[in-house]
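> this is a predicted model, with the sequence first.
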Amino acid sequence: MRAPWIVTLVCGASGTCKSCLARPLAERYGVPLAEADDIVTALQAITTPEQQPILHFWATHPQFRSWARERIAARHFEVAGALRPAYAAVIADHVEFAAPVVFEGDYLLPELAAEAGPAVRAVVLDEQDEDQITANYLRREPSGQQRDRARVSALVSAELARRARRCGVPVVPARPWDDGLDRVDKALRET
């Protein structure tokens, strides 16, 4: 059941279960899944912290862990802004060559779809419940301090939802999970 557009962006904060929905969405549409984190990894591999300090920030500034969550969330969007041209180039390439893809990641901004035209659709998966995000993190990473990460993710989720509404991108609650795939698909088709 291939979508009539080319690129599908699944945006959302870390810990909102984007991957849990993006994989079956790609299967439903019969297209490949691409993960924005892979582009971050590639860019970090071919640059140094001196060349691209913002792309290497989290690894080179461990003191961020002591920052206020609002400051960490703001830095998240600075990193997302730095990655925006790379993501826009990948999206444009898929559109130019009519190569359908579902592209998911927490650095993807809803503005990317709004700027790209009708060949690109996006959805923001929204989860602002810190307890739920903490539980999601603990399911995939059972060790470590997840509560602080969840607090930051809740702030990022709220800001992504605000940005999405501002540019006409649908915002879909992450839960309930049992019908999440259908709700995301419906929101994308009704855009």
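The structure has been received and is ready for your questions.
> helix or strand right after the longest helix along the chain?
Ranked by number of residues, the top helix in the chain under DSSP state H is helix 69-96. Next helix or strand after helix 69-96 toward the C-terminus (DSSP states H and E): strand 101-105.
> tell me the mean pLDDT for stretch 57-67?
When pLDDT is averaged along stretch 57-67, the result is 95.
> can you start the count at 17 instead of 1 from here on
With the count now opening at 17, the last piece we talked about shows up as stretch 73-83.
> render the CA-only coordinates of that stretch in CSV, please.
Extracted in CSV, the C-alpha atoms of stretch 73-83 (Å, rounded to 0.1, in the frame of the first residue of the first chain):
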residue,chain,number,x,y,z
PHE,A,73,29.1,18.4,21.2
TRP,A,74,27.6,15.6,23.3
ALA,A,75,30.8,13.5,23.2
THR,A,76,33.2,16.4,23.9
HIS,A,77,31.2,18.2,26.6
PRO,A,78,30.2,15.7,29.3
GLN,A,79,29.4,18.6,31.6
PHE,A,80,26.1,19.0,29.8
ARG,A,81,24.7,16.3,32.1
SER,A,82,24.7,18.9,34.9
TRP,A,83,22.8,21.5,32.9
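> can you pull the buried residues of the longest helix of the chain?
For helix 85-112, burial by neighbour count (16 or more other CB atoms under 10 Å) applies to 85, 88-89, 91-92, 95-96, 98-100, 102-104, 106-107, 110-111. Every residue, glycine included, has its C-beta placed from N, CA and C.
> how close does residue 108 get to residue 43?
Residue 108 sits 25 Å away from residue 43, going by CB to CB, to the nearest Å.
> before we move on, what about residue 77?
From residue 77 to residue 43 the distance is 38 Å (CB to CB).
> and for residue 132?
23 Å.
> which residue ranges of the protein form strands?
Using DSSP state E, the strands of the chain run over residues 23-28, 49-51, 117-121, 136-142, 187-189.
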